[in-house]
Structures are given as C-alpha cells and as structure tokens.
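Novice: below are the sequence and a predicted model for it; my questions follow.
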Amino acid sequence: MSVTIEKINYPSVGETVYTGMLGNGLKIYVIPKPGFSSAYAAFATHYGGAMRRFAVGGEMIDTPAGVAHFLEHKMFDMPDGSNALTLFSQNGADPNAFTSSDITCYHFSCTEGFEENLRLLLSYVSTPYYTPETVQKEQGIIGQEIRMGDDSPARCIYYNLLSLLYDHHPIREAVVGTVESIAGITDETLYACHKVFYAPSNMVLCVEGDVDPELVFSVAEEMLPKERRPIPRADYGAPEGLLPLQTRKEERMSVAVPEFLMGIKIRDEVPSEEEGGMCTRLHRRLVASLALRMLFGNSSPLYTRLYADGTLTQDFDFDTDYSAGTAIVLIGAEATDVDKALEEVHAEIARIAREGFDRAYFERIRKAMIGGRLRALEDFDNVCVTLAQDWFDGFCTFDLMDLFWEVTCDECTRWVAENLIPERCAVSVLLPLGDKA
Amino acid sequence: MNITRENLLPGVYLTHIGTDKFKIASLSISFLAQLRRETAPGNALIPNVLCRGSTHYDDMEKLSRRCDELYGTAISPLVRRIGEIQTLGITASFPESVFLPAGENVTQDVIALMSEILLEPSTRGGLLREDYVNSERDKLAEAIRSRINNKAQYSLIRCIEEMCCFEDYAVARLGNLEECREIRYRKLTRQYQQVLSSSPVEICYCGRETPEKIAECLRSALSTLPRGEIDYEIGTDVRMNAVEDDVRRVTETMDVNQARLVMGFRLGEVMEEPDRATLSMFNTVFGSGVTSKLFVHVRERLQLCYSVASIVDVHKGTLFAAAGIDASKASEAEAEILHQLQEVRDGNITDEELEYAKAGILSDLTAMLDSPGAMESFFFSNAIDGSDLTPEEYAVRVREVTKEDVSAVAKSIVPDLFYLLRGEDK
C-alpha cells in the first residue's frame, strides 16, 4: 500500500486514531475498538442541500433545490437491478443515509462481515445508476417525505428562522427541496452532480469498531477510482453581514405549547496565520460552546429560574451551527410565555456581558464537560459523523479534546459581549392554532 | 461481560452487567406499578417532582451543580410503559474513574445522590412541595398535550386509545390529561409513599465496578427505603380477539399535510404461549426494516408512502401497522397492507425474507452488547416477564424460527380498529 497511515493517541479520552489520505485524495479515519462487536462506517461527501450553485473546471453550474438529497435516495439502486439496502440486510447490516445542508453521509453498522459491508458501501456510493423511470418513481416517495416535513414543527420553526437571518444564502431553503423543484430533476442532473461531488478528493471515510486500520485503507484504495479530481467549490452568493433581514416571524401550527427559536449570526472566519489560523478558530468555537453552556445549560441560573417559575416547560435547546459557510448560535425552547422568555434571555446575556461569568461556575462547567465529552464518544455513529463534518470544516475532532483546558473564563465573557448582540438576533415563533398572539 | 442478578432488599433486585468496554457507567432504578388511568399521570409525575430538589440540594440549580461537580453526571427521570405495567424511577450516567483527571471514582457519590433524590425529597410539613408538584403537573400536562406535535406518534396513541378503550392499555405512558389536571400535592405524596412501600424495584447497573461493590453501595443507600407488603400481582391482561366482529374505523381530521394510517390488530391465540423470538421474526418479515414486506411493497413497489412500519407489543399481544400517506391513497395503502399480511398468512415468504429477518435480529442482538441502554432494556423486559432468557439463548431461538412459525403468527392475527388522521378538506 502506498499510503502512510498516521497513528495518533488521545490518552485523556482513551482513543487511538489512524488517519491518512489516499492518492485519489480520500481522507480516512479509523478508530479501533477492541472488544466491541459492532463496527460502524460512514462514507460522506462534502455535498449538501445548500450547494446548489457550484464551480467546476471554471464553469458555474446551477441546479434545482433538493438534488443532493435526491441523489442520496437514488444511490442505493445498483446497475444489476439490485438494491444496496437489501444487500446490506442480507449481511444483517443496518444501512442508512442522510443529507444536511453541506454533507451527504452513507453509513452502516454491522456485527459480522465488516469487510464485505465496507466493500458494498464504497461500491454503491461510487457507482451512479439512474434511469428516467427510477427518478420518476422517487419523486413520489420524496414528495411524501416533503409532506411529512411540512407537518414537522421543528422543521418549520428552523426554516422560518433562516429566512429571517439570510437574504439569499441557499441554506434558507429546505435540504429536501420542494415538490416543484424536485420535479425538475432528471437522471442527467444526478449523473452530473455525482461526477462532481462524489470524487474521492471531496469525500471522507470514517470507521469505528474492532477492525484493522490497514484493511480499511487497502480496501478503499482497491475499490475507489485512482484519479484525483478537482474539488468543486460551492457558491453561496455574495457574503451577508451579521445583521438579520427581519427580526421576528410567527406561524401557527398544531402544536400544544408556543415555541421559539432564536438565531444569532456569529463570526467564524479563519484568522490569518499570524493570528493563529485554524487553531484560533477552534479555540473560539470552544469558547462559544462553554459560554453557551454557562448561559443556557441545565445548571445555569437563567434556565433553573425560568424552569422553576413555569416560563419554560423544557430545557433550552442551544447549539452553534457551522454549516455551508454560515455560523449561527441557536437557542430554542417551549415556553408558556415566549415574550417573557425572550426578554429574560436578552437580560441574562446583557448581565453576563456586564458582570462576567462567575469563576467557580466556569470551573464547574469545565469539569462537567469531561463527562459530556466522554458520553459523546460512546456513540460510534456520532463520532464518525462528527469526524466527517469536522474534516470538511478543516480539522480533526479529536484535536479539540485537550484544547478546551486552554479556554479561560474571561474569554467566555468577552465572547458573549462581542457576539450575542441584540441587533444580530432574530426569532422564529410557533404558536398553537387558535391562541391569541 | 458478566451478568448477575441478586435480591438486595425485599422486592428489590439488582441486575449487574460487569464490563470495561465503556467510558460511561450507567445505573437505573425503576419502581413497577400497574398501569391505571387514575394513577398513571401521578406515577409519571413523581420522578419529575423528585428531580426538582432533595433535602440537601433543595432546588434544581443545586442538584444540577452537584451533577456538574460529579464530572457531568446526568440524572434524569425515567418513565416507561411495558404492556400494562408502568415503571417510574431515575437513571444516571457517569464517567468511569479511569477517564477522570486524577482517577476520581464517583460511583458511590452518584448512588448516594440518586437515593437521596428518590427517598429524601424536599418537603414542607412532610409533604411533597406544593410548588414543585403544581409546576411539574403543569409541565406534564403540556407534555401530554404536546403529543400532537409528532403526528406519527400521536396517531399511534390515538389508535391504541380507541382500540383498547375498555383496557388499561389505552392509557399512554404519561397518562391522560384529565387525570393529570386533578393532581394535588397531598394526594401525590400518598401515591409516592405507596410506590415506595409496595412497588417491586428493578435496578440495573452497567460498568466496571464489581457486583459486590454496587450491591453494598445500594444496600447502604437504600437502607431507609420504607418497605411494606410488596405488590407482585402486577401484570398485563391479554385480549385475544377483536372488540367487535367487524373492523372498527375511526377517522379524525387535523391541520396536517400528510395523512397517517394506523391499523390495529390483536395477535390472537399465539398469545396463549407467546414466544418473543417468533413474534419478533414475524414483525421483521412483515413490517420492520428495509427487507420487510411493507417496506418493499407499500413503499418501494407502489410508492404509496415514505414511512411505513409495523410494531408488535409482545407483552400485550398487539400489532400496529402505520404509514404516512396521501389521504387519497388511504384505502389503497390499507388494502396493500392487508394483502401483505395475507401473503404471510398464506406462507408466501421467500427464503431470503426469512434469512434477512434472522440476520437483522441476530445482528441487533449482538449490537445490543455494545449499548448499555439496549442491554438495560433487554434485561428489564426480562425481569418484567419473569424470564431469564440470555441474549445467547434468544439468538438460538431466533435461528430455529421457520416460515411456518411466522405464518402461524399471521394466521392468528385479527384486525380490530383502523385509525386515519387526515387533513381537513379545504
């Protein structure tokens, strides 16, 4: 084998990662887990719903909304008439796939025949096969999936928020597209997009389980095209500033309790090399995650107060979302009184920006994050998918593990003051049918 | 991996799964109660109220702080419904000592905290706090009302409510809204005391500590558990036949884009001696997973839906086949689902269908050994059934299932009530 496999130990979390890149540009991660019966593999392409317009070989190409997701559905059809889902099931493997705004990920878990399943995964994802008939048939199935999504409060509140935050960024539109947009998809569209985005240089393979790293590398090298193709560049349109277009949108749906989802655009650019480059960006992301946990986590003064007084019916759902070149802080909850909850959120942000976080609280949260981090590592699915996403974002997930000890309390306070600014907030609200606004 | 079971205290059992595979240990403590309309929401509420505050950590902020100090230990209420048994308790997950900076061992502290939450709630005048009870009651009511948010789940609940309207099984996991609204702190305190004294208790630990160490910690922590006469009579009533000769039909409208069809059946006479392996094989061949008849025919061949699946409750003896469809295709989907059931009845099962179903179930069983949560569910279900079937023995039984066995399950099944949730005509 021509590839150098690098072995990296992460003693604080008890993991070892084997990584390297094939001649065709495919990045591979393998995390051996001796003693485990199941193995998991994720084969992902840096291609998602927001990448509708892209440059390849100097040419700009526009595609309808929903192609990435449509491709995901159609990848399982094989030229010999078989279906990859069935083939996996013959081996007792559990296959699936998902499409987000910037990645499409095919994965399986199995307890036997790992090599055979890995070969099948690499083979079906790299073998395009579409006909006008199969495309037409899938339009019906995806049409039902779109309908199902239309009934989902979570999806509605999220896309309403994005339409407040962005003017033209394609992340505004649903990954699945619309019944109208997918009607414009043909077998030719699918072939063209597969060729551009499913080149190994635009993909990553992540494996976790009781497997031999060398085997994974050699099978991938044997099965996949040797040619190293150019990496496509998505065009999300002119950059948009940090201010939202509009600040509030309400919609009524059959939900029991009002819900809100607040979004705040934040900075996430990679600083210059003099300013620390990627390392500084990762540090900033860690600062953001600690600060958000201190503000909205289950032991935060704000949450415990609003839960106790009945304003919130459940936990805050909070996260940072770095997708398709966007960076947003999301804070959501079900609230009996949405306006009161929002007012309190703003007041707490202002208080922290003014007074700073309590140092003892900061130390305690850092301690708590040790458990949280270990918990996240228990889930092979989560580990492999996160590794894939982070690779497309330019770093290795495990490199964050020890960086977070370098974060200081003052940095967290400063991050809140500089980023969680009221003018940058937008809020999407769902109200039950028939309630007064 | 070493699995042991022992009786710790009157009616208190510990299942110990000893393994060093995981970074996080887990421990669940569940009280078992008969599912009844009157008591269900109260039982569902008790763990939530207990998690609001204990004697030492008398509000959520203090409790959460304590969990933060224990390196991000997570403790949460756990309410389940298995057949007509409702279980209530708490579950914890906490880091194994080898992964903590100075090798700290938090096991004993976590068990002490759990028992304090369960046995020493923050009280006023010996009663559960009125403010906590009212606040959690209102949140539970919202949670019950919020079932409409997830149309798939909601339509299934509605089908069960209608189909089993004369049985306790109609009561959903969290109970019904009406009884929930009636809850008051005095009465809930009595219900809580009743649970502590009479409910069988199932504890499940998964992690690196020895059974002796865990048993010792638990015996000491639970030494103040006030036990009275234990109610071992709880169980599930199985109804073999449909409520009426003809299939009952219920159609409801709501503001939805996609219709949901849920077809309810009784498993029938196979429930006289229910065999988990055979029932599970039937369900996998018929409607669970991508090689099932429902997926292959209703979704892939006829493209009637995106989601279609069946679920079998081996405790209650029910089968539900559910699909998200276009309302205009409801009768077509229903006919096809019935046709596929008839195919299984007629023994039209290919060798592949049988083998894929086996491979799928066996793989799930092996994979279960990599998941503390899945193992806990397996052994918990065993405990409720009074079964000591090991995963290995279960696997052997699955391998032995024949087409005739699967077909026999289908022959025994009787349709009872079909439910349709659809959009309003505009």
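Specialist: Alright, I've got the coordinates.

Novice: now B:Phe99: how far from A:Gly149?
Specialist: With distances taken as Cβ to Cβ, to the nearest Å, B:Phe99 is found 39 Å from A:Gly149. (Glycine included, C-beta is placed from N, CA and C.)

Novice: and B:Gly386, by the same measure?
Specialist: 43 Å.

Novice: again, but for B:Glu400
Specialist: 42 Å.

Novice: the two: which has the busier surroundings?
Specialist: A:Gly149 (18 against 12; other Cβ atoms under 10 Å in any protein chain shown).

Novice: wait, isn't the more buried one in contact with A:Ala174?
Specialist: Yes - if you go by Cβ atoms under 8 Å, A:Gly149 and A:Ala174 touch, sitting 6.7 Å apart.

Novice: residues that sit against both of these two, list them.
Specialist: Here A:Gly149 and A:Ala174 have A:Arg155 as joint contacts, going by Cβ atoms under 8 Å, 6 or more residues apart in numbering or on different chains.

Novice: for B:Arg186, give its distance to chain A.
Specialist: Using Cβ to the nearest Cβ, to the nearest Å, B:Arg186 is found at 21 Å from chain A.

Novice: ok, B:Val312 next?
Specialist: Computed as Cβ to the nearest Cβ, the B:Val312 to chain A distance reads 19 Å.

Novice: kindly report the same for B:Gln86.
Specialist: The gap separating B:Gln86 from chain A is 21 Å, by Cβ to the nearest Cβ.

Novice: please apply the same query to B:Lys151.
Specialist: 5 Å.

Novice: show me what contacts that residue?
Specialist: A:Asp151, B:Met254, B:Val256, B:Gln258, B:Arg260, B:Gly324, B:Leu421.

Novice: and of those, the nearest to A:Phe108?
Specialist: Taking Cβ to Cβ as the measure, A:Phe108 sits nearest to B:Gly324 out of these, at 24.5 Å.

Novice: which helix or which strand is home to that closest one?
Specialist: Secondary structure from DSSP states H and E places B:Gly324 in strand B:318-325.

Novice: what about that strand and chain A, touching?
Specialist: Yes - applying Cβ under 8 Å from any Cβ of the partner chain, one finds strand B:318-325 in contact with chain A at B:Gly324, B:Ile325.

Novice: CA atoms only for the helix or strand just after that strand, dumped as PDB, please.
Specialist: Scanning forward in sequence from strand B:318-325 by DSSP H and E, the next helix or strand is helix B:330-345. Provided in PDB are the C-alpha atoms of helix B:330-345 (Å, rounded to 0.1, in the frame of the first residue of the first chain):
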ATOM      1  CA  ALA B 330     -55.600   5.600   2.200                       C
ATOM      2  CA  SER B 331     -57.800   2.800   1.000                       C
ATOM      3  CA  GLU B 332     -55.100   1.700  -1.500                       C
ATOM      4  CA  ALA B 333     -52.500   1.600   1.300                       C
ATOM      5  CA  GLU B 334     -54.800  -0.200   3.700                       C
ATOM      6  CA  ALA B 335     -55.600  -2.800   1.000                       C
ATOM      7  CA  GLU B 336     -52.000  -3.400   0.300                       C
ATOM      8  CA  ILE B 337     -51.000  -3.700   4.000                       C
ATOM      9  CA  LEU B 338     -53.800  -6.300   4.400                       C
ATOM     10  CA  HIS B 339     -52.700  -8.000   1.300                       C
ATOM     11  CA  GLN B 340     -49.100  -8.300   2.600                       C
ATOM     12  CA  LEU B 341     -50.500  -9.700   5.900                       C
ATOM     13  CA  GLN B 342     -52.400 -12.300   3.800                       C
ATOM     14  CA  GLU B 343     -49.200 -13.200   2.000                       C
ATOM     15  CA  VAL B 344     -47.600 -14.000   5.300                       C
ATOM     16  CA  ARG B 345     -50.600 -16.000   6.300                       C
END
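
Novice: and helix B:330-345, how far out from the chain's middle?
Specialist: Distance of helix B:330-345 from the chain centroid (Cα atoms, centre = their mean, to the nearest Å) equals 28 Å.

Novice: so which bits of it are buried?
Specialist: Neighbour-count burial for helix B:330-345 flags B:Ala330, B:Ala333, B:Glu334, B:Glu336, B:Ile337, B:Leu338, B:Gln340, B:Leu341, B:Glu343, B:Val344, B:Arg345 (criterion: 16 or more other Cβ atoms under 10 Å in any protein chain shown).

Novice: distance of the second one relative to A:Val176?
Specialist: This points to B:Ala333. With the distance defined as Cβ to Cβ, B:Ala333 ends up 21 Å from A:Val176.

Novice: and the stretch 51-200 of chain B, which residues reach chain A?
Specialist: Residues of the stretch 51-200 of chain B lying close to chain A (Cβ under 8 Å from any Cβ) are B:59-61, B:64-65, B:67-74, B:93-95, B:98-101, B:135, B:138-139, B:142-143, B:145-149, B:151.

Novice: now go through those and say which are in helices.
Specialist: Among those, the members found in helices (DSSP state H) are B:60-61, B:64-65, B:67-69, B:135, B:138-139, B:142-143, B:145, B:151.

Novice: which two from the residues you listed end up farthest apart in space?
Specialist: Of all pairs in those, the most separated under Cβ to Cβ is B:Glu69 and B:Lys151 at 41.3 Å.

Novice: now the closest residue to chain B within chain A: which helix or strand?
Specialist: Nearest to chain B, among the residues of chain A, is A:Gly371, at 2.4 Å (Cβ to the nearest Cβ). Following DSSP H and E, one finds A:Gly371 within helix A:359-377.

Novice: beyond that helix, next helix or strand please.
Specialist: Sequence order places helix A:380-392 as the next helix or strand after helix A:359-377, per DSSP H and E.

Novice: was I right about B:Ser135 contacting A:Ala308?
Specialist: Yes - using Cβ under 8 Å, B:Ser135 is in contact with A:Ala308, at 6.8 Å.

Novice: any idea of the mean pLDDT for the host helix or strand of B:Leu14?
Specialist: Using DSSP H and E, B:Leu14 maps to strand B:12-18. The average of the pLDDT scores along strand B:12-18 is 97.

Novice: please state the offset of it from the chain centre?
Specialist: Relative to the chain's own centre, strand B:12-18 is displaced by 19 Å; criterion: Cα atoms, centre = their mean.

Novice: who's the closest residue to A:Ala192 other than its chain neighbours bridged to?
Specialist: Nearest residue to A:Ala192, sequence neighbours excluded (Cβ to Cβ, 6 or more residues apart in numbering or on different chains): A:Ile61, at 7.5 Å. On the basis of DSSP bridges, A:Ile61 is bridged to A:Phe54.

Novice: tell me if I'm right that A:Ile61 and A:Met51 touch.
Specialist: No - the criterion here is Cβ under 8 Å, and A:Ile61 misses it with A:Met51 at 10.4 Å.

Novice: and the residue of chain B that's closest to chain A?
Specialist: Proximity of chain B to chain A (Cβ to the nearest Cβ) peaks at B:Gly72, 2.4 Å away.

Novice: could you give me the buried positions within stretch A:119-134?
Specialist: Quick answer for stretch A:119-134 (16+ other Cβ under 10 Å): A:Leu120, A:Leu121, A:Leu122, A:Tyr124, A:Val125, A:Ser126, A:Pro128, A:Tyr129, A:Tyr130.

Novice: among those, name the ones in helices.
Specialist: Counted as lying in helices by DSSP H, out of the buried residues of stretch A:119-134, are A:Leu120, A:Leu121, A:Leu122, A:Tyr124, A:Val125.
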